[in-house]
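*Asks:* here's my sequence, what's the structure:
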Amino acid sequence: MQFKNIIGHQKIKKQLINTVNENRISHAQLFFGQEGSGELALAVAYAQYICCENKQEDDSCGVCNSCVKYEKLAHPDLQLVFPTPGGSNKTKTGIKGNKAKDNAGANYYTDFRDLFISNPYFNIDDWHDKLEIKNEQPIINKDDCKDIISNLNLKTYESEYRVVIIWMVDKLHYAAAPKILKTLEEPSEKTLFLLITNNYDDVLNTIISRTQMIKVLNHTSEELVSYITNKYTKSEQEAKKIVKLSNNNINKIIKLIENSEDTEELFESFRNWMRLCWKPNVPELVEWIDEIGKSWGREKFKSFFEYGLEIIRLCLLYNNKNNNLLNLDNEELDFISKFSAFINEHNNIALSEEFNNSYTYIERNASAKIVMLDLSLKVHSIIKK
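*Replies:* Here you go, the predicted structure:
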């Protein structure tokens, strides 16, 4: 991964390159920011630059032996650590078919590498989907930490530096942390730890205190609009709409564009759902929820709730006569013009809280059908007041 292939973050890129050129690389660094900001991509590009055999002024060369291997996440001096279902040496319940593997990180390495190469901005839910996990929560356990320590006792194969990237370090089990703390604080010479998280508050304080912070900010709307119009056949108006729907999350942008029909389906589903919520005819609601439940997975329900939040925002803009900010087609604008009559300063916060709560419940593996029915009845109650 080269820096030039990462959207935006020019300031951070320059800072990281300067640490190499000025010989002041911190042995343990924590990249943190909101989902879709590109922390993992930056960490890999940084590691690739450090190990590059022909460094350029502002990037790795991309063609040397080291860079070629880093592009495939196949460098022998790069160790990747990431959450796996249940940790090492356990039966992988909730994983289908040939995904039922008996070891942790090493056996999932190909899955992780393939996911990164296809989309370096992927999130923990994408990782769940890749492994076809149902209810089991991936963790980084003590055996993973033992592997780190064991590998660090070996000499490097090709590069001056041995790099350990720990993705989603917030998933490090508290019982496993003591095994890595001393190594993290006093690693062997020319060893670099790059830790990644989207949940800074969930990272153990003992980890935070031993690392240098690298805060990765969200991409600006201008950066993302430029990215979309340059890479995809989208107009500036279409790009702005996608950016707003994504909440400046590049991972969501990629999914919205690659599954553009999903956005149309979300609109149709939301409009139909609102009609059912307004009545409300509970048997019809249950039937509708059962029907979408046959084809919708957890991510689709989460996208639906996010879309609902966006509809609330658009209604508020419409009510405040900010139509120039809507960027909607005629059908959507017609719906917003009618639905906005039921969204006001007295109920928009309550509605937003219910959509956010439903999103959280789905993340925690609650029954989607129960969550959806509960939200439907609450929405009816709120908009009928």
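
*Asks:* helices and strands around the helix or strand encompassing S337, which ones?
*Replies:* Taking DSSP states H and E as the definition, one finds S337 inside helix 330-339. Contacts defined by 3 or more Cβ pairs under 8 Å, 6 or more residues apart in numbering; DSSP states H and E place helix 330-339 against helix 260-278, helix 298-319. Backbone N, C-alpha and C define where each C-beta goes, glycine included.

*Asks:* 6 Å - rerun?
*Replies:* helix 298-319 (3 or more Cβ pairs under 6 Å, 6 or more residues apart in numbering; DSSP states H and E).

*Asks:* other residues contacting the helix it packs on?
*Replies:* The contact list for helix 298-319, computed with Cβ atoms under 6 Å, 6 or more residues apart in numbering, reads 125, 245, 266, 270, 325-326, 336, 340, 343, 348, 351-352, 355, 358-359, 362, 368.

*Asks:* could you dump that helix to CSV, C-alpha only?
*Replies:* C-alpha atoms of helix 298-319 as CSV (Å, rounded to 0.1, in the frame of the first residue of the first chain):
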residue,chain,number,x,y,z
ARG,A,298,-27.3,-7.4,9.9
GLU,A,299,-25.5,-4.9,7.7
LYS,A,300,-28.6,-4.2,5.7
PHE,A,301,-30.7,-3.4,8.8
LYS,A,302,-27.9,-1.1,10.0
SER,A,303,-27.9,0.6,6.7
PHE,A,304,-31.7,1.0,7.0
PHE,A,305,-31.4,2.7,10.4
GLU,A,306,-28.7,5.0,9.1
TYR,A,307,-30.9,5.9,6.1
GLY,A,308,-33.7,6.7,8.6
LEU,A,309,-31.4,9.1,10.4
GLU,A,310,-30.5,10.7,7.0
ILE,A,311,-34.2,11.1,6.2
ILE,A,312,-34.8,12.9,9.5
ARG,A,313,-31.9,15.3,8.7
LEU,A,314,-33.3,16.0,5.2
CYS,A,315,-36.7,16.7,6.6
LEU,A,316,-35.2,19.2,9.0
LEU,A,317,-33.4,20.9,6.2
TYR,A,318,-36.6,21.0,4.1
ASN,A,319,-38.5,22.5,7.0
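
*Asks:* need the pLDDT of the closest residue in space to I140 that isn't next to it in sequence.
*Replies:* Distance criterion Cβ to Cβ, 6 or more residues apart in numbering; nearest residue to I140, sequence neighbours excluded, is L172 at 4.5 Å. Per-residue pLDDT puts L172 at 92.

*Asks:* just checking, L172 touches N141?
*Replies:* No - in this structure L172 lies outside contact range of N141 using Cβ atoms under 6 Å: 8.4 Å.

*Asks:* neighbour-wise, which of those two wins?
*Replies:* Each of L172 and N141 has its neighbours counted (other Cβ atoms under 10 Å); L172 has more, 26 against 23.

*Asks:* quick one: buried residues of the helix holding S337?
*Replies:* E332, F335, I336, F339 (16 or more other Cβ atoms under 10 Å).

*Asks:* flag the least confident of those residues.
*Replies:* Per-residue pLDDT puts E332 lowest of those, at 84.

*Asks:* who's in contact with the next helix or strand along the chain from the helix holding S337?
*Replies:* Scanning forward in sequence from helix 330-339 by DSSP H and E, the next helix or strand is helix 348-363. For helix 348-363, the external contacting residues (Cβ under 6 Å, 6+ apart) are R298, F301, K302, F305, G308, L309, I312, V371, L375, K378, I382.

*Asks:* any idea of the mean pLDDT for the helix or strand following helix 348-363?
*Replies:* Moving toward the C-terminus from helix 348-363, the next helix or strand (DSSP H and E) is helix 368-384. Confidence for helix 368-384, expressed as mean pLDDT, is 94.

*Asks:* any buried residues in helix 368-384, and which?
*Replies:* Buried residues in helix 368-384, defined by neighbour count with 16+ other Cβ under 10 Å: A368, V371, M372, L373, D374, L375, S376, K378, V379, H380, I382, I383.

*Asks:* ok, now which ones touch the residue nearest to V379 when sequence neighbours are not counted?
*Replies:* Nearest non-adjacent residue to V379, counting by Cβ to Cβ, 6+ apart: C277, 4.8 Å away. By Cβ under 6 Å, 6+ apart, the contact set of C277 is S376, V379, H380.

*Asks:* give me that answer again for 10 Å
*Replies:* By Cβ atoms under 10 Å, 6 or more residues apart in numbering, the residues touching C277 are L285, L375, S376, L377, K378, V379, H380, S381, I382, I383, K384.

*Asks:* so what secondary structure elements neighbour the least confident helix or strand in the chain by mean pLDDT?
*Replies:* Ranked by mean pLDDT, DSSP states H and E, the helix or strand of the chain with the weakest confidence is helix 236-246, at a mean of 83. Packing partners of helix 236-246 (3 or more Cβ pairs under 10 Å, 6 or more residues apart in numbering; DSSP states H and E): helix 221-231, helix 250-258, helix 260-278, helix 298-319.

*Asks:* quick check: angle from the first one to helix 250-258?
*Replies:* Taking axes from the mean of the first three to the mean of the last three Cα atoms, to 10 degrees, one finds helix 221-231 and helix 250-258 inclined to each other by 40 degrees.

*Asks:* then the longest one?
*Replies:* Relative orientation of helix 298-319 versus helix 250-258 (the same axes, to 10 degrees): 90 degrees.
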